[in-house]
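# structure for the following, please:
(chains A and B)
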Amino acid sequence: EAQVTQNPRYLITVTGKKLTVTCSQNMNHEYMSWYRQDPGLGLRQIYYSMNVEVTDKGDVPEGYKVSRKEKRNFPLILESPSPNQTSLYFCASSLWGTNEQFFGPGTRLTVL
Amino acid sequence: EDKVVQSPLSLVVHEGDTVTLNCSYEVTNFRSLLWYKQEKKAPTFLFMLTSSGIEKKSGRLSSILDKKELFSILNITATQTGDSAVYLCAVEAGYGGSQGNLIFGKGTKLSVKP
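Model (predicted):
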């Protein structure tokens, strides 16, 4: 089944404890992206990647890192999480040039 | 600053009504405009529009883009309770051959009453 998977789906952590949210897609998509969704602010793009080893900042990259070492994986790293990073995070992928993005199920992160 | 504005923010209608959702944008290096539907989970893709005046249609949903006036509309005819969702508009901004970043509006929450 074609899909985007994220892990974990739910995470409660404390300020400053490094964490990684994994994202994997099995559709051979070149383009992958991370978003966060907050009430009243909508979906905002954090980082995106057009292919392996090619990443670029979205609108809200501060406090986040990404890597794209393999085509199928695009992990989101929070080196020192803070409470303002409490949010619902989505990973998405698409074929080059289509922007018909397939979204993962979301990761709800709470930073205490 | 690039921005995408959707209106109305919320809308309540009855089954069978026709609704029009609006999306206006100010984006440098516009590439495409997309509509997504989000129920209580991840967004799902509806349409991608790149050319003015060409209507995209899927069942009871249709959408059109006006690149001169910088807006798009999403129409839903004969609404059903299953159309209740948040509808998201997003604009892709990019350069040259690259695929750019997506800027989302805050969404329109549609509630369809039986």
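# residue contacts, the nearest residue to B:Gly53 once chain neighbours are set aside?
Excluding its sequence neighbours, the residue lying closest to B:Gly53 (Cβ to Cβ, 6 or more residues apart in numbering or on different chains) is B:Ile64, at 6.9 Å. C-beta coordinates here come from the backbone N, C-alpha and C atoms, glycine included. B:Ile64 sits next to B:Leu49, B:Gly53, B:Ile54, B:Glu55, B:Lys56, B:Ser72, B:Ile73 when contact means Cβ atoms under 8 Å, 6 or more residues apart in numbering or on different chains.
# and which of these is nearest chain A?
Chain A lies nearest to B:Leu49 out of the contacts of B:Ile64, by Cβ to the nearest Cβ, at 10.4 Å.
# helix, strand or coil: sort out the closest residue in space to that closest one that isn't next to it in sequence for me.
Nearest residue to B:Leu49, sequence neighbours excluded (Cβ to Cβ, 6+ apart): B:Leu65, at 3.9 Å. When classified by DSSP: H, G, I helix; E, B strand; the rest coil, B:Leu65 comes out as strand.
# which residues does B:Leu65 contact?
B:Leu33, B:Leu49, B:Thr50, B:Ser51, B:Ser52, B:Gly53, B:Ile54, B:Phe71, B:Ser72.
# tell me the pLDDT at it?
At B:Leu65, the model reports a pLDDT of 95.
# I'm done for today, thanks for sticking with me.
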